[in-house]
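model the following, please.
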Amino acid sequence: MTAPALKIDALIDELIAFQRSGLRNDLKLRAFRSEVRELLPYSPGDAHMALGIIASLEEREDEACREHEAALRCGWTLQRALNYAVTLQRLFRHDEAIQQARNVMQRDPGDLAALEMAVTNAYLSGRFRLTAEFLDEYRKRVPDKEASNLTDIENEMQAIRPMIEQSNLSDDQTAAIQWPACAIIRTLGREKDRVGIDDFVGDDGQIFLSRTFRLPLAFEDVQRLNDQLVEQLIEHDDWPLEQFIVTLREKAAA
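Predicted structure coming up:
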């Protein structure tokens, strides 16, 4: 019989590979859940982590977070913290994902995966000044641009960074302006995994940054959601909406 510790390790490897594949198979997830639950008495921390990943893929957000928190209570490990961050990123809870990445970086300053997670979620959250800070640190550690896992974000930030530095926009402002869009996207279930982002710096007499979330939905559905977004944004007349424009648009057909 395979030792429980070895079995849970193999299951986690298989589960993470399944998560990264982007495939959706409810029967497979139920099979994972059944196998992992059998191993809870033997490897509770890793089993709770695995159950958190499974719950996130099943769109059980509250359960996913409870399981990840239970895993960390069993004993903090780098793997448990980073997998929690992955789940939070997938749930569009980017600030919480940044915090998990920072927890890893505080305990292990040399961990590159945590820094990459921090860069990614700072960018996705609309915290562009923080993204620039993390990228500067990343470049100190990875001077070879050909070896970078963050090329797309770095390319986008080449245009965004000067605009942000010239403006008086704070990270708290841009994150707040973007949050209503993220809240809408979180309601899309599994479709949120296929959401794309387009950033554009323009100048119509005043320099501005436009962020468009591309949704894999029909034009009419996206328009309805964008109307909801506009209604929420215009309630905040204290936000610099003319400097950071956030919209929802349909995703172009492949």
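
do a quick rundown of the helices in this structure.
Taking DSSP state H as the test, the helices found in the chain are 4-21, 26-38, 44-57, 61-73, 78-90, 94-107, 112-125, 128-141, 151-166, 171-185, 219-233.

packed most tightly, which of these would that be?
Compared across those, helix 44-57 shows the largest average neighbour count, a mean of 24 (mean count of other CB atoms under 10 Å). Glycine gets a C-beta too; all of them are placed from N, C-alpha and C.

what pLDDT, on average, does that one get?
The average of the pLDDT scores along helix 44-57 is 96.

ok, stretch 236-251 next?
96.

end-to-end on stretch 21-31?
With CA to CA, to the nearest Å as the measure, stretch 21-31 spans 17 Å from end to end.

now do stretch 133-151
For stretch 133-151, the first-to-last residue distance is 16 Å (CA to CA).

do the same with stretch 115-135
One end of stretch 115-135 sits 9 Å from the other (CA to CA).

any idea how far it is from the middle of the chain?
Remark: stretch 115-135 is offset 11 Å from the chain centroid, using CA atoms, centre = their mean, to the nearest Å.

contacts for that stretch?
Stretch 115-135 has contacts (CB atoms under 8 Å, 6 or more residues apart in numbering) with 82, 85-86, 88-89, 92, 94-95, 97-98, 100-102, 104-105, 137-138, 141, 149-150, 153-154, 156-157, 160-161, 164, 169-171, 174-175, 177-178, 197, 211, 244.

thinking again about what came up before, now for the helices of the chain, which one comes closest to residue 240?
When those are compared by CB to CB, helix 171-185 sits nearest residue 240, at 6.2 Å.

distance of the spatially most central residue of the chain relative to residue 149?
Of all residues in the chain, the one closest to the mean position by CA atoms, centre = their mean is residue 89, 2.3 Å from it. Separation of residue 89 from residue 149 (CB to CB, to the nearest Å) stands at 14 Å.

ok, residue 81 next?
19 Å.

please apply the same query to residue 215.
According to CB to CB, residue 215 stands 26 Å off from residue 149.

cool, and residue 83?
Using CB to CB, residue 83 is found at 17 Å from residue 149.

wouldn't residue 167 be in contact with residue 201 here?
No. Using CB atoms under 8 Å, residue 167 is not in contact with residue 201; the gap is 10.3 Å.

any shared contact partners between those two?
Counting by CB under 8 Å, 6+ apart, the residues touching both residue 167 and residue 201 are residue 207.

the closest residue to residue 198 other than its chain neighbours - how many residues pack around it?
Leaving out its chain neighbours, the residue that sits closest to residue 198 by CB to CB, 6 or more residues apart in numbering is residue 212, at 4.4 Å. As a burial measure, residue 212 scores 17 neighbours (other CB atoms under 10 Å).

surely residue 212 and residue 252 touch.
No. Between residue 212 and residue 252 there is no contact under CB under 8 Å: 11.5 Å.

pass me the low-pLDDT residue ranges in the stretch 1-150 of the chain, would you?
The model of the stretch 1-150 of the chain has pLDDT under 70 over residues 1-3.

what's near enough to touch residue 89?
Residue 89 neighbours (CB under 8 Å, 6+ apart): 97, 117, 120, 121, 124.

separation between residue 91 and residue 128?
Distance from residue 91 to residue 128, by CB to CB: 21 Å.

for residue 202, same thing?
For residue 202, the distance to residue 128 (CB to CB) stands at 16 Å.

residue 240 now?
Using CB to CB, one obtains 14 Å as the distance from residue 240 to residue 128.
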